[in-house]
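Trainee: model this:
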Amino acid sequence: MDYRFFYNERQLPCARLSMDHEAFGFWLSDDLGDDLHTLAMLLEKIDALLHGELQEFDWHGHDFLLKLSREDADVIAHELLQEHSLEELNDEDMDFYDAESRASCGLEDFKDLLIEWRDFLED
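Mentor: Numbering: from 1, shown residues only. Predicted coordinates for the structure are as follows:
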């Protein structure tokens, strides 16, 4: 998962991620932003998932739903959830695809991304 972190013209933190992971960039930029308190809470939840203390965790941001399981991290735009049920979004035969609205990766890769985002914000 390739990414680039930068500050925009309004000095807000932004993230751009590689194809298939673009939605994570929008989620980081627009939903999480520079909220270090929420970032710390999410990292705690990820550790709890990795250590078997939680089965799954959901966090509702302004634009995206973050779904964490013991293996994966998913971000799904709220607009997709209004148009489709989660079952439809998980259906392998579904031909709908929008990399800006939905992305998935492994939980440990997602944790690494969040740590890099935290380090970027703290510099």
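
Trainee: now the helices for the chain?
Mentor: Secondary structure of the chain (DSSP state H): helices at 22-26, 36-50, 78-83, 86-90, 107-122.

Trainee: Show me the contact partners of the second one.
Mentor: The list of residues contacting helix 36-50 from outside it, by Cβ atoms under 8 Å, 6 or more residues apart in numbering, reads 32, 54-57, 59, 66, 68-70, 107-108, 110-111, 114-115, 117-118, 121-122. No exception for glycine: its C-beta is placed from N, CA and C like everyone else's.

Trainee: Kindly list the main-chain dihedrals of Asp63?
Mentor: In this entry, Asp63 is assigned phi and psi values of phi -110, psi -20 (degrees, to the nearest 10).

Trainee: That one and Asp30 touch, don't they?
Mentor: Yes: using Cβ atoms under 8 Å, Asp63 is in contact with Asp30, at 5.4 Å.

Trainee: Out of the helices and strands in this protein, which is least certain?
Mentor: Sorting the helices and strands of the chain by mean pLDDT, DSSP states H and E puts helix 86-90 at the bottom, at a mean of 55.

Trainee: Out of the contacts of helix 36-50, which end up buried?
Mentor: Applying 16 or more other Cβ atoms under 10 Å to the contacts of helix 36-50, the neighbour count classes 32, 54, 57, 59, 66, 68, 107, 110-111, 114, 117-118 as buried.

Trainee: Tell me the one of those residues nearest Glu79?
Mentor: Out of the buried ones among the contacts of helix 36-50, the one with the shortest distance to Glu79 is Leu66. That distance is 15.1 Å, counting by Cβ to Cβ.
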